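[1] Would you be able to build a 3D model of this:
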Amino acid sequence: MDSKIFQDFVKNLDRPLAFVDVETTGLDYKSERIVELAIVKYSPNLSISRFNEMFNPGIPIRPEAKLVNEIDETTLVNKPTFKQRSRHIYKFVNDCDFAGANVGFDLSFLKHELRRSGINVHFDNCNKVDVLGIWKNMEPRSLQRAKKIFTGEEADESHRAMPDIASTISVLCSQMEKYDLPRRVDLLSKMSARVEDLSIEVLHKRVNSLTAEVSSMKAKDLQFKFDLALELAKTEQDFYKYLNKFGIDYRCVGDELRLSSENTTAIANSMHLLRANFSFQFLQDAHKSRGREV
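    Prediction:
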């Protein structure tokens, strides 16, 4: 890329910038594999290094992935595995910031392939420039359409890794010119944050965090209803009635009262029972009378 805009941008780099694109067997980085990896690395001295290789993933390529990348297993039979090339790949990108189109997707696969190869790597402290993120932030969409809009050129529809990088670089150059963007990778990384924040890996973390938070809230709600039943009940029979009313099931195990409701479990505070003068014997008898194992 001999654009003066791009050359000025590269000259301002603090460290190499690697444009990355992967083609994969599917969308889930935890279970799918990379079948093609392309990297074009620009250094501040304007030198360019390239890596482009296909891999035998050891698993079938999903039909929907084949429709996108048009790669067939038969072309990969004699290719090396990613692990066989992992050390070289790691050395190639270890000192880099990254750029791409939805680059969070590519880095999620790259990171987990390296980790499966025994290389514990993370890209948390790297700048990540994402042309789709910049586009969405500047004009609140696919790489092919972006290239058509920003360069007036038709993108290569084959959706292979190296042509995708060429399109990505063309789009970035046009974006820097059209939006008068800073020629600094750290600022472009911040302007790309929207898509990066929605990468598959980050979404997994958010889902796991929300799941844990919801479970905690359900457990607190279960305990609250249990305490409320204790407060409202004047007799043990009343207490039993309120447990049923609140949809709380229970199981007496030793000196513990284990509560459950809607796939949520909690252990009741036995001191609450003692203060209310309710006996575990009553709960055990009631449980047995309902034909359940204590």
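[2] hey, where'd the helices end up in the stretch 51-200 of the chain?
    When secondary structure is read from DSSP state H, counting those that start in this stretch, the stretch 51-200 of the chain shows helices at 63-69, 82-93, 103-116, 131-138, 143-151, 161-178, 185-191, 193-197, 200-232.
[3] Average pLDDT for the longest one, rounded please.
    Model confidence over helix 200-232 averages 69 on the pLDDT scale.
[4] helix or strand right after it?
    Moving toward the C-terminus from helix 200-232, the first helix or strand encountered (DSSP states H and E) is helix 236-245.
[5] List the buried residues of that next one.
    Judged by neighbour count using 16 or more other C-beta atoms under 10 Å, the buried positions of helix 236-245 are Glu236, Phe239, Tyr240, Tyr242, Leu243. From N, CA and C alone the C-beta is placed, and that goes for glycine too.
[6] Name the nearest residue to the last one, ignoring sequence neighbours.
    Counting by C-beta to C-beta, 6 or more residues apart in numbering, Leu243 lies nearest to Ala229, which is 5.5 Å off, once chain neighbours are set aside.
[7] Would you mind measuring from the one you found to Ser215?
    Ala229 sits at a distance of 21 Å from Ser215 (criterion: C-beta to C-beta, to the nearest Å).
[8] the more surrounded of these two?
    A direct count of neighbours by other C-beta atoms under 10 Å for Ala229 and Ser215 places Ala229 higher, at 20 against 13.
[9] so who does that one touch?
    Under the criterion of C-beta atoms under 8 Å, 6 or more residues apart in numbering, the contact list for Ala229 reads Phe239, Tyr242, Leu243, Lys245, Phe246, Ile248.
[10] okay, and for the stretch 1-150 of the chain, where does confidence drop off?
    Counting by pLDDT under 70, the stretch 1-150 of the chain contains low-confidence ranges at 1-2, 137, 139-142, 145.
[11] Surely Lys225 touches Ile248?
    Yes - using C-beta atoms under 8 Å, Lys225 makes contact with Ile248 at a distance of 5.9 Å.
[12] so how far is Gln144 from Lys66?
    If you measure Lys66 against Gln144 using C-beta to C-beta, the figure is 18 Å.
[13] sorry, back to before: and of the helices of the stretch 51-200 of the chain, who's closest to Ile5?
    Minimum separation from Ile5 across the helices of the stretch 51-200 of the chain (C-beta to C-beta) falls at helix 161-178, 5.2 Å.
[14] residues of the closest one that come out buried?
    For helix 161-178, using 16+ other C-beta under 10 Å, the buried residues are 161-176.
[15] quick check, nearest of these to Met138?
    Looking across those and measuring by C-beta to C-beta, the closest to Met138 is Gln175, at 7.4 Å.
[16] The closest one reaches Met138, doesn't it?
    Yes - when contacts are counted by C-beta under 8 Å, Gln175 is listed as touching Met138 (7.4 Å).
[17] just to revisit the earlier point, out of the buried residues of helix 236-245, the closest to Arg87 would be?
    Among the buried residues of helix 236-245, and counting by C-beta to C-beta, the member closest to Arg87 is Leu243, at 60.6 Å.
[18] hang on, the earlier thing: in CSV: the helices of the stretch 51-200 of the chain, plus distance to Phe9.
    What follows is the helices of the stretch 51-200 of the chain, written out as CSV (distance: least, C-beta to C-beta, whole Å):
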stretch, distance to Phe9
helix 63-69, 29
helix 82-93, 19
helix 103-116, 16
helix 131-138, 13
helix 143-151, 15
helix 161-178, 6
helix 185-191, 8
helix 193-197, 18
helix 200-232, 26
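[19] So for Asp14, which of those helices sits nearest?
    Shortest separation from Asp14 across the helices of the stretch 51-200 of the chain is recorded for helix 185-191, at 7.3 Å, computed as C-beta to C-beta.
[20] Now Ala38: which helix or strand?
    Taking DSSP H and E as the definition, Ala38 sits inside strand 34-42.
[21] could you say what helices and strands that strand packs with?
    Helices and strands touching strand 34-42, as assessed by 3 or more C-beta pairs under 8 Å, 6 or more residues apart in numbering; DSSP states H and E, comprise strand 17-24, strand 48-54, helix 82-93, helix 103-116, helix 161-178.
[22] could the ones you listed go into TSV alongside distance to Ile149?
    Compiled in TSV, those are given as follows (distance: least, C-beta to C-beta, whole Å):
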stretch	distance to Ile149
strand 17-24	19
strand 48-54	26
helix 82-93	29
helix 103-116	19
helix 161-178	8
